[in-house]
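1. sequence first, then the predicted structure:
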Amino acid sequence: MTKRLFARLLVPVLALTLCACSAETPPEEAADPAPAENSTQTPDKPDGALPSIRDPKESDGKIHVLLKNTTGGFWEMAMTGTLNMNKADSIGGTEVVVYAASSSAELEKQIQLAETIEIANPLAVVMDPIDIDILAPVAEKLYEKGIPVITCDSNINSDTYDYFYSTDNYQASYSAAKVFLEQLGGEGKYAMISGTTGASTEMQREKGFYDALAEYPGMVQVGGGTQYTNYDQTKSYSIAYDLLTANPDIKIIFSTFNEIANSTSVALQEMGKAPGEVLNVTFDLDPDARKLCDQKWISGIIQQNPYGMHQKAIQMAYDLAMGNTVRKEPEYIPMDFMLITPENLNTDEVTQYVSPAEVGDASLVNG
């Protein structure tokens, strides 16, 4: 696993369009030139061998992408990267169909969407699981049929996928924590706030933070362990406010995504804290987080590359489906990240990193 601190990556800019569907309205299936039974049977394979990638003619000819949601800085950039791959030359003009729940708390909705994708008989699938367990059954069915399965951002609790594209969330959080713990001299009270216990992404971020903290015995946790918000901003605010009320001398608050940090910033202001008095460290920019970072209410933002992450995942899905790449054992592909602070927020380097090409001629159809 790559251990570089803050790597950079240039991603290609490609042209686009979009079609998004709900769980209740599966995408229209293309005519299958192969016999019907061929698209439902698991490809023959020797004992212990991986299922062979099936003939692409047995599919609907489309790459289906399942995002966690489409709101917030990370997912807006993920959506842009996905849209800009639709019918791109690098994937032979293949149509990309996009699905997403309205919130990362909608586990059942994501399961329904995954089942819709399975019914659609996809050429290949890219999925961002909300939880490590919920999409594993569908992923296994797809994989065993010889359909390429690529996971992004968070992985599944199964080995029935081809590639997993994600930030090295452990290294990102560990590296960032070290920067700010050094600023504090390794002493003081801290709190940890996360969204849920079931997302592999957040589990790795927590572990990275905690492992860095373990190197500084002068750091003392308050709140009785990690506090979970279940992606509820009101609850995020309440947790932060209660922690600050009970521990007015707290030095730093770590959180696993930006909406928590945004709510923490509001609590800090209402408690009469000065900007930067309590360090507030999180993941990913959105418009609110950018403004709060500029005002020094957020001290550090670990910025990922969701645009490039999803473009690379879609490209790999296509290459596997078309036989340009041979299926092998599941592989993790680490993506780059950058630490953003109030000091570098407005530099050209950060602007170029967080502002990929805008979407052009795209259409969004809500089924």
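-> On my side now, so go ahead.
2. for W297, give me its contacts.
-> S265, L268, Q269, P275, G276, N280 (C-beta atoms under 8 Å, 6 or more residues apart in numbering). In this view, the C-beta of every residue, glycine as well, is placed from N, C-alpha and C.
3. from I298, how far out is the third one?
-> In this case it means Q269. Distance from Q269 to I298, counting by C-beta to C-beta, to the nearest Å: 12 Å.
4. ok, now the last one?
-> Counting by C-beta to C-beta, the separation of N280 from I298 is 5 Å.
5. circling back: neighbour count winner among Q269 and I298?
-> A count of neighbours by other C-beta atoms under 10 Å puts I298 above the other of Q269 and I298, at 31 against 14.
6. the more buried one against T282, yeah?
-> Yes. Using C-beta atoms under 8 Å, I298 is in contact with T282, at 6.5 Å.
7. what do those two both touch?
-> With C-beta under 8 Å, 6+ apart as the test, I298 and T282 both reach A261, A289.
8. ok so K273 is a strand residue?
-> No. Counting by DSSP: H, G, I helix; E, B strand; the rest coil, one finds K273 to be coil, located in no strand.
9. returning to that earlier point: between N280 and I298, what contacts are shared?
-> Counting by C-beta under 8 Å, 6+ apart, the residues touching both N280 and I298 are A261, S265.
10. count the residues that sit near the closest residue in space to D131 that isn't next to it in sequence.
-> Closest residue to D131 apart from its sequence neighbours, by C-beta to C-beta, 6 or more residues apart in numbering: G198 at 4.1 Å. By other C-beta under 10 Å, 17 other residues sit near G198.
11. now do the SS call for G198.
-> coil.
12. and what of I302?
-> I302 ends up strand, using three-state DSSP.
13. so how far is F257 from it?
-> On the measure of C-beta to C-beta, I302 and F257 end up 10 Å apart.
14. equivalent analysis for E182, please.
-> 24 Å.
15. more neighbours, those two?
-> Counted by other C-beta under 10 Å, E182 and F257 do not tie: F257 has more neighbours, with 27 against 10.
16. just for the stretch 201-350 of the chain, where's the confidence low?
-> For the stretch 201-350 of the chain, no stretch has pLDDT under 70.
17. direction included, what does the lengthiest strand in the chain pair against?
-> Counting by DSSP state E, the longest strand found in the chain is strand 187-194. If you go by DSSP bridges, strand 187-194 pairs up with strand 218-221 (parallel), strand 227-228 (parallel), strand 250-255 (parallel).
18. any idea which of those is most buried?
-> Across the strands paired with strand 187-194, averaging neighbours per residue (mean count of other C-beta atoms under 10 Å) puts strand 250-255 on top, at a mean of 26.
19. may I see the buried residues of the helix or strand that comes right after that one?
-> Per DSSP states H and E, strand 250-255 leads on to helix 258-270 as the next helix or strand towards the C-terminus. Under the neighbour-count criterion of 16 or more other C-beta atoms under 10 Å, helix 258-270 has N258, E259, I260, A261, N262, S263, T264, S265, V266, A267, L268 buried.
20. repeat for stretch 205-224
-> R205, E206, G208, F209, Y210, A212, L213, Y216, M219, V222, G223.
21. so who does the spatially most central residue of the chain touch?
-> Geometric centre of the chain, nearest residue: D153, 3.3 Å, by C-alpha atoms, centre = their mean. Neighbour list for D153: K68, F74, A78, D128, Y165, S166, T167, T201, P306, M309 [criterion: C-beta under 8 Å, 6+ apart].
22. which of these fall within helices?
-> If you go by DSSP state H, these have F74, A78, T201, P306, M309 in helices.
23. could you dump the residues you listed to TSV with neighbour count?
-> Compiled in TSV, the ones in helices among the contacts of D153 are given as follows (neighbours: other C-beta atoms under 10 Å):
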residue	neighbour count
F74	26
A78	30
T201	23
P306	27
M309	27
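24. got JSON lines for the residues you listed, with distance to T351 too?
-> Shown next, in JSON lines, are the ones in helices among the contacts of D153 (distance: C-beta to C-beta, whole Å):
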{"residue": "F74", "distance to T351": "17"}
{"residue": "A78", "distance to T351": "19"}
{"residue": "T201", "distance to T351": "25"}
{"residue": "P306", "distance to T351": "17"}
{"residue": "M309", "distance to T351": "19"}
